[in-house]
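Engineer: Would you be able to build a 3D model of this:
(one chain, ligands or ions: 1)
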Amino acid sequence: MRNELFIDGQWAKPIKGGTFPIINPATEEVVHHGPAGTAEDVELAVKAARRAFDHGPWPKMSGAERAKYLRAIATGIRNRLQEIARLETIDNGKPIPEAEWDIADAAGCFDFYADLAEELDRNPEEAITLADARFVSKAVREPIGVAVAIVPWNFPLLMACWKVAPALAAGCTMILKPAEVTSMTAMELGAIVKAADLPPGVLNIVTGSGSIAGQAMIDHPEVDKLAFTGSGPVGSKIMAAAARDIKRVSLELGGKSPFIVFEDSDIEAAVEWTMFGIFWNQGEVCSATSRVLVQEGIYDRFLERLVEETKKIKIGNGQEPGVLLGPMVSRKQMDQVLAAIDKARADGVTIAVGGGRPAGFNKGYYVEPTVLVDVPLESDAWKEEIFGPVVCVRPFASEEEAIVLANDSKFGLAAAVMSKDDARADRVASALGAGIVWINCSQPTFTEAPWGGYKQSGIGRELGRWGFDNYLETKQITRFVSEEPWDWYIK
Ligand code: NAD
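Structural biologist: Numbers count the residues shown, from 1 in each chain. This is a model prediction of the structure:
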């Protein structure tokens, strides 16, 4: 396991020599010490990224040339998939099959953006039809410059790659900061990038705390773009920092995503997608299916089946076969989730199953998968993101009521609807105020499709061609082609 920062194509100890403990949340053991970068290291990283952008070959290369590097990174990740997935599980707690899914997706993200980099060569400009025939105009796209990516701990490598891959494909250079609780796979990405022989300074990785390393990155005047995934309060700080220098900014924040289940639905499928929506990744998912609205006719049966199946979930160390729910990422996160459940209890919520730490675990930051019912609409449990395996279930009568309940949130990241009536599902999908709407499923995420939120869930879109646009400026180039003089001052 590595313990150095990756700056200007080289491994380097943090200037001040600090470290932070890396804890396996399943065992509470300190497994490693990560390098704690500070403002001094960030300065070196920004200077390296600036040099690589302003004077290096990267932004001037053809898309096809950059694509070769991106594909080499994809292969580098894939060649070490099991090993990297294991590190992710040790660091984050998620079950190995989920970690393997993430790492495969991370590799796929580089391949996808390699294709888009090549596409940029094929379509380097867009002709613009002007009403005024004395001019000919076109739009071209150019990399924004030096980008900073600050990512959370729930999908550590995958969230990093959602930003690194499109940024590099576009020709930007980047400084990446993983979350301090999950830095190990980002450091391995440094090794893969080095082995792929990426020009120095194109990708720099500085681990360390948000308040020190992260803050130095977002405040740095020579950074052009901030890309962030994480909590709303830190998102606000990032937007404020961006405002100072008019940096470009994209934010992917939290959610409280509803799932509307109509009574013509297959109950088993509705239960399965609910569980996948809230228990996958321990519910530490920004788009987690945390509010389920079930039509009255099937509410009792749905709840009964959800409780039965929830009780069967195998909880344990993510490295053990068959485990479907690992520990929370950290003691802080476990305490936060347990406090949210206690608050729900105090607010009169009924706990249908779960509600605390599972029996039989002396060590590890485990929380039981938990189903809450009779949840008051004004309670925190209904309104606030818990970011753990905790779902609220509530009955509804009519389509109109379901839509009102679903949309009554400050968030708007994702939503889902299930019905055998396609017309109704389409109608509800268009009425839901969310950036991602699933029909007859919940959570599947595709590199090709846009990802991001309405309202307080964020600004901008990641993934797909929308994620590529995050790292590109659009330049208008207009030529005066008339034989006639302009003739305004000089007659
Ligand atoms: P956070 O927002 O504090 O951390 C996310 C990233 O931001 C980390 O890399 C962190 O180091 C960095 N950061 C923190 N302060 C910073 C600053 N001042 N300047 C620059 N970077 C800074 O998230 P957290 O504390 O790890 O989790 C808190 C809550 O956030 C969770 O309970 C959950 O509700 C939410 N969360 C959301 C997502 C998501 O995907 N939307 C992911 C993780 C956490």
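
Engineer: Check for me that Ala227 belongs to a helix.
Structural biologist: No - applying DSSP: H, G, I helix; E, B strand; the rest coil, one finds Ala227 to be strand, outside a helix.

Engineer: Surely it touches Ala149?
Structural biologist: Yes - the criterion here is Cβ atoms under 8 Å, and Ala227 meets it with Ala149 at 4.8 Å. C-beta coordinates here come from the backbone N, C-alpha and C atoms, glycine included.

Engineer: which neighbours do these two share?
Structural biologist: Lys163, Ala167 (Cβ atoms under 8 Å, 6 or more residues apart in numbering).

Engineer: More neighbours: the two, which one.
Structural biologist: Neighbour totals were compared for Ala227 and Ala149, and Ala227 leads with 29 against 26 (other Cβ atoms under 10 Å).

Engineer: Spatially central residue for this protein, please.
Structural biologist: Met159 (4.6 Å; Cα atoms, centre = their mean).

Engineer: Leaving out sequence neighbours, find the closest residue to that residue.
Structural biologist: What sits nearest to Met159 in space, not counting adjacent residues and going by Cβ to Cβ, 6 or more residues apart in numbering, is Val151, at 4.2 Å.

Engineer: Give me the neighbour count for the one you found.
Structural biologist: For Val151, the neighbour count with other Cβ under 10 Å is 26.

Engineer: Is it in contact with Pro178, as I believe?
Structural biologist: Yes - counting by Cβ under 8 Å, Val151 touches Pro178, with 5.7 Å between them.

Engineer: Could you tell me which residues touch both of those two?
Structural biologist: Common neighbours of Val151 and Pro178 (Cβ under 8 Å, 6+ apart) are Ala160, Ala186.

Engineer: picking up where we left off before, which residues are in contact with the residue nearest to Met159?
Structural biologist: With contacts defined as Cβ under 8 Å, 6+ apart, Val151 is in contact with Met159, Ala160, Lys163, Leu176, Lys177, Pro178, Ala179, Ala186, Phe228, Thr229, Gly230.

Engineer: out of those, which touch the ligand?
Structural biologist: Counting by Cβ under 6 Å from any ligand atom, Lys177, Ala179, Thr229, Gly230 from the contacts of Val151 sit close to the ligand.

Engineer: so how far is Ala344 from the third one?
Structural biologist: Spelled out, that is Thr229. 26 Å (Cβ to Cβ, to the nearest Å).

Engineer: The lengthiest helix in the chain and the ligand, are they touching?
Structural biologist: Using DSSP state H to define each element, the chain has its longest helix at helix 96-122. No - using Cβ under 6 Å from any ligand atom, helix 96-122 never reaches the ligand; the gap is at least 13.0 Å.

Engineer: rewinding a little: restricted to strands, list the contacts of Val151.
Structural biologist: Among those, the ones falling in strands (DSSP state E) are Leu176, Lys177, Phe228, Thr229.

Engineer: my guess is the second one contacts Pro152, does it?
Structural biologist: No - because the distance of 10.6 Å does not satisfy Cβ under 8 Å, Lys177 is recorded as not touching Pro152.

Engineer: what about these two, which has more around it?
Structural biologist: Higher neighbour count among Lys177 and Pro152: Lys177, with 28 against 23, using other Cβ under 10 Å.

Engineer: Now the more buried one: closest residue in space that isn't a chain neighbour?
Structural biologist: Taking Cβ to Cβ, 6+ apart, and ignoring the residues beside it in sequence, Lys177 has Ile150 as its nearest neighbour in space, at 5.0 Å.

Engineer: Now do the contacts for that neighbour.
Structural biologist: By Cβ under 8 Å, 6+ apart, the residues touching Ile150 are Lys177, Gly210, Gly214, Met217, Ile218, Leu226, Ala227, Phe228, Thr229, Gly230, Val234, Ile238.

Engineer: 10 Å instead?
Structural biologist: With contact taken as Cβ atoms under 10 Å, 6 or more residues apart in numbering, Ile150 is in contact with 159-160, 163, 175-179, 210, 213-215, 217-218, 226-230, 234-235, 238.
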